[in-house]
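> Take this sequence and fold it.
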Amino acid sequence: MASVGENRYGKEGVRLVRVRRSPHNGNTFDEWTVRVLLEGDFITSYTEGDNSKVLPTDTIKNTVYYIAQRTRTTSIEDYAKELVNYLLEHHSQISNVQVKIERKAWSNIIKSNKTRHLTAFTETSNEVQTTSVSRSRHGAFSILSGLKDLKVMKTANSNFTNFYKDSLTTLAEATDRLMGTSIQAKWTYEDASSSIDFDKTREQIRGLMLDMFAEHHSESVQHTLHAIGQHIFAHVQSIHKIHLTMPNIHCIPVDLTRFGEQNKNEIFMPIDDPHGYIQCAMNRSSSSSKGNLKSKL
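Residues are numbered from 1 along each chain as shown. Alright, predicted model coming up:
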């Protein structure tokens, strides 16, 4: 006899474009992908084929668009909170809702005369803003926000020396290497029920990451990752945990001696795989020298 354990269902991949129109300030353009997952009193739908409490996933999709039309919020976090609240308030059989949103990077086109076009936009990068917002019926909001695919490269002040070596080690030490990565960052808010400017906070964290990545004299990806986390905690008080993933995207110096040329550390071959993969979770309550570090070089 099988018993039903933890279960949830919902709608994945709900794509949404939202335009807010203003004749004076210009339009805004957002492109989101939304996932909604529900938990609740749905066991009989599994055990007895009873769908009387099952909110159709097509209805969930329609609710995503309905709330997008009604809301006046701009951040994906505030929109997700409204969507969660609506589903809990209107459907008593639902006990918990999780909404995950990914937002693509679009911005107004800047014309050749340096002015912003009010109604035309360009996708500025592959970077994606993310959030995961959840709440149980009688609980508080949990908000895990972040960004991913933030591609960065530094061409100086990056070393990798004095590493552990065994009989299979062939990697040479490097005192002036290229360091490229695609940053994925996720952070948890200390008090998700308080009034937070989520867009401003994300932009601040993004700027702090870029500042530290550019200026840090790196001894490894781990070293720079930790410095970025410390820098964020020093300037952003509303978050209490941050998880950073920074793959080491390699650029291999090309041997030009066979062509009668000397490579002056200027010509490289980029490779996607295999690559190093470094992750670290840092908590505000931890000392600056600690972190839950897992790495592969």
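
> alpha carbons only for contacts and neighbour counts from here, please
OK.

> Assign L88 to helix, strand or coil.
Counting by DSSP: H, G, I helix; E, B strand; the rest coil, the backbone at L88 sits in helix.

> Could you pull up the residues touching it?
By Cα atoms under 8 Å, 6 or more residues apart in numbering, L88 lies in contact with 94-97, 137.

> can you check S132 too?
S132 sits next to 77, 98-101, 143-145 when contact means Cα under 8 Å, 6+ apart.

> ok, how many other residues are close to the closest residue in space to L37 that isn't next to it in sequence?
By the measure of Cα to Cα, 6 or more residues apart in numbering, the closest residue to L37 outside its immediate chain neighbours is G10, 4.3 Å from it. G10 has 19 neighbours, counted by other Cα atoms under 10 Å.

> Tell me the confidence at G10?
For G10, the model assigns a pLDDT of 98.

> all numbers from here: first residue = 28
With 28 as the first residue, the last one maps to G37.

> which SSE is it in?
Applying DSSP states H and E as the criterion places G37 in strand 36-47.

> Pull out the buried residues from the longest strand along the chain.
What stands out as the longest strand in the chain, according to DSSP state E, is strand 143-163. Of the residues in strand 143-163, 145-146, 148, 154-163 count as buried by neighbour count, 16 or more other Cα atoms under 10 Å.

> just curious, which of the contacts of L115 is nearest to D238?
Of all the contacts of L115, D238 sits closest to V124, with 36.2 Å by Cα to Cα.

> Over to the closest one. Which of the three states is it?
strand.

> Quick check: it touching A167?
No - counting by Cα atoms under 8 Å, V124 sits too far from A167 to count as a contact (11.6 Å).

> neighbours around E116, how many?
By other Cα under 10 Å, 10 other residues sit near E116.

> need the contact list for it.
Per Cα under 8 Å, 6+ apart, neighbours of E116: none.

> now do A212
Taking Cα under 8 Å, 6+ apart, we find A212 in contact with 173-175, 269-272.

> What about these, which are in strands?
Those of the contacts of A212 mapping onto strands are 173-175, 269-272, per DSSP E.

> Show me which of those is closest to S247.
Taking Cα to Cα as the measure, S247 lies nearest T272 of these, at 13.7 Å.

> how close does the nearest residue to that closest one once chain neighbours are set aside sit to R48?
Nearest residue to T272, sequence neighbours excluded (Cα to Cα, 6+ apart): Q306, at 4.4 Å. For Q306, the distance to R48 equals 41 Å [Cα to Cα, to the nearest Å].

> more crowded one of those two?
Neighbours were counted for Q306 and for R48 using other Cα under 10 Å; Q306 has more, 21 against 13.

> what's the helix or strand for that one?
If you go by DSSP H and E, Q306 is part of strand 304-310.

> what's that strand packed up against?
Secondary-structure packing of strand 304-310 (3 or more Cα pairs under 8 Å, 6 or more residues apart in numbering; DSSP states H and E): helix 248-262, strand 266-272, strand 319-323.
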